[in-house]
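Asker: What follows is a predicted structure for the sequence shown.
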There are 2 protein chains.
Amino acid sequence: MPKLEFWYDFASTYSYLSAMRIEAAAAEVGVEIVYRPFLLGPIFKAQGWDTSPFNLYPAKGRYMIRDMERLSALRGLRFQMPNSFPVMSLQAARLALAVEPEGCIAAFTRAVFEAEFGAGRDISDDAVLSTVISALGLDFARISAVSSAPETKEELRRRTAAAAARGIFGAPSFVPPDGELFWGDDRLDSALRWAAEL
Amino acid sequence: MPKLEFWYDFASTYSYLSAMRIEAAAAEVGVEIVYRPFLLGPIFKAQGWDTSPFNLYPAKGRYMIRDMERLSALRGLRFQMPNSFPVMSLQAARLALAVEPEGCIAAFTRAVFEAEFGAGRDISDDAVLSTVISALGLDFARISAVSSAPETKEELRRRTAAAAARGIFGAPSFVPPDGELFWGDDRLDSALRWAAEL
């Protein structure tokens, strides 16, 4: 089955849109999704930004919220901005790596995004993350210990460096095995077709 | 007939994509396009940028070229980057205002974009612009004189200020009569539907 890498940061609004539809869209064209959580922070920092461009450029930020409202309504998704944006997504990203060997990363990813942008909750809060992990039938104490192990931290740093090496500068991004880069929820369908035709 | 404003800068690659398809797409849903050439320069400057973000952020710039290549190929359009990017689009924008009362702004807009991003020509060059104007059956000397009249220069400044007032921060942008803002060639179809349903 052809594969497509799905690169996302849990703080990214448009990544929420992709996460909620990627499995159904991939199934239609027979492509397998490889989940690649990473951190945009270091990539933004290398571009000279110390926060999200949606904060740095207020007109763009206001537009993004309106655009998200329209797209979420069209797709039957709830949408609200959490109180703090961008949220610290570090712990959620590490937990994603910790649930990957359990076969739960897709469900975990959707649940975190839904809590954050559907319910407006703070996903840097352990109480929110623990609810998500428990709902997957996993033990939060055990998964949390894996997430804070040095190897998990190192693996997340490696993934973020790998994102930069692929030319990734924003999220969501999609990369088929030939290294072609697609950026943004608007390119998800093109990326899936590309992967399916390789 | 419902109207939709099409805001574009002649230096903008994605505006080329929209210009080449907007009339056909608008005809399908029964919407009239109002051409609104403006200058992104002053808007970028207000955001602290002294050139295109595609130059300021090289990873984004490389991606844009690849994305344009893919989309142009899909749509049967030629695409090449001109030697200088972004080109000085001031004279082309003033000429667009000068051909507007002649009923030629749509054809002029397409011809300038095609010369620039289809044929890779320098549209800050009077020789290129004069060829475009002549092909429309207009007298370049006369139109050129109108384009450099103080009222035309002032009108372009007014349009650029009006773009900023509408919250526009990039091009292409689309604005239906209720002031809803749509940004990017990816939102052209949504903007047309929005205008058609007002």
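Answerer: Looks like it arrived, so ask away.

Asker: residue ranges for the helices of chain A, please.
Answerer: A:13-29, A:40-46, A:53-56, A:58-74, A:90-99, A:105-113, A:126-135, A:140-147, A:150-165, A:188-197 (DSSP state H).

Asker: between the fifth one and helix A:126-135, how big is the angle?
Answerer: Pointing back at helix A:90-99 there. Put simply, helix A:90-99 runs at 20 degrees to helix A:126-135, going by axes from the mean of the first three to the mean of the last three CA atoms, to 10 degrees.

Asker: same deal with the last one?
Answerer: The directions of helix A:188-197 and helix A:126-135 differ by 40 degrees, with the same axes, to 10 degrees as the criterion.

Asker: Helix A:188-197: which residues count as buried?
Answerer: Neighbour-count burial for helix A:188-197 flags A:188, A:190-192, A:194-196 (criterion: 16 or more other CB atoms under 10 Å in any protein chain shown). For the C-beta atoms, the positions are set from N, CA and C on the backbone; glycine is no exception.

Asker: From the chain's centroid, how far away is that helix?
Answerer: Chain-centre distance of helix A:188-197: 18 Å, with CA atoms, centre = their mean, to the nearest Å.

Asker: Over to the third one?
Answerer: Helix A:53-56 has its C-alpha centroid displaced from the chain centroid by 18 Å (CA atoms, centre = their mean).

Asker: Which elements pack onto that helix?
Answerer: helix A:58-74 (3 or more CB pairs under 8 Å, 6 or more residues apart in numbering or on different chains; DSSP states H and E).

Asker: Quick one: check the helix it packs on for contact with chain B.
Answerer: Yes. Helix A:58-74 lies within reach of chain B by CB under 8 Å from any CB of the partner chain, at A:59-60, A:62-63, A:66-67, A:70.

Asker: can I assume A:Ser130 is in contact with A:Leu138?
Answerer: No. Counting by CB atoms under 8 Å, A:Ser130 does not reach A:Leu138; the two are 10.0 Å apart.

Asker: and A:Ala59, what is it in contact with?
Answerer: Contact analysis of A:Ala59 by CB atoms under 8 Å, 6 or more residues apart in numbering or on different chains lists B:47, B:167-169.

Asker: Apologies, that question was intended for A:Val132.
Answerer: Applying CB under 8 Å, 6+ apart, we find A:Val132 in contact with A:108, A:111-112, A:115.

Asker: Please tell me how far stretch A:77-90 is from the chain's geometric centre.
Answerer: Averaging C-alpha positions (CA atoms, centre = their mean) puts stretch A:77-90 12 Å from its chain's average.

Asker: got the end-to-end distance for it?
Answerer: 25 Å (CA to CA, to the nearest Å).

Asker: that older thread, among the residues of helix A:58-74 next to chain B, name the buried ones.
Answerer: A:59-60, A:63, A:67, A:70.

Asker: sorry, back to before: of the contacts of A:Val132, which are in range of chain B?
Answerer: Near chain B, taking CB under 8 Å from any CB as the test, no member of these is found.

Asker: By the neighbour-count criterion, which of these qualify as buried?
Answerer: Those of those that meet the buried threshold are A:108, A:111-112, A:115, by 16+ other CB under 10 Å.

Asker: what's the weakest-modelled helix or strand in chain A?
Answerer: helix A:53-56 (a mean of 88; mean pLDDT, DSSP states H and E).

Asker: any chance of the buried residues of helix A:188-197 in JSON lines, plus distance to chain B and pLDDT?
Answerer: Listed next are the buried residues of helix A:188-197 as JSON lines, based on distance: CB to the nearest CB, whole Å; pLDDT from 0 to 100:
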{"residue": "A:Leu188", "distance to chain B": "12", "pLDDT": "98"}
{"residue": "A:Ser190", "distance to chain B": "7", "pLDDT": "98"}
{"residue": "A:Ala191", "distance to chain B": "10", "pLDDT": "98"}
{"residue": "A:Leu192", "distance to chain B": "14", "pLDDT": "98"}
{"residue": "A:Trp194", "distance to chain B": "9", "pLDDT": "98"}
{"residue": "A:Ala195", "distance to chain B": "14", "pLDDT": "98"}
{"residue": "A:Ala196", "distance to chain B": "15", "pLDDT": "98"}
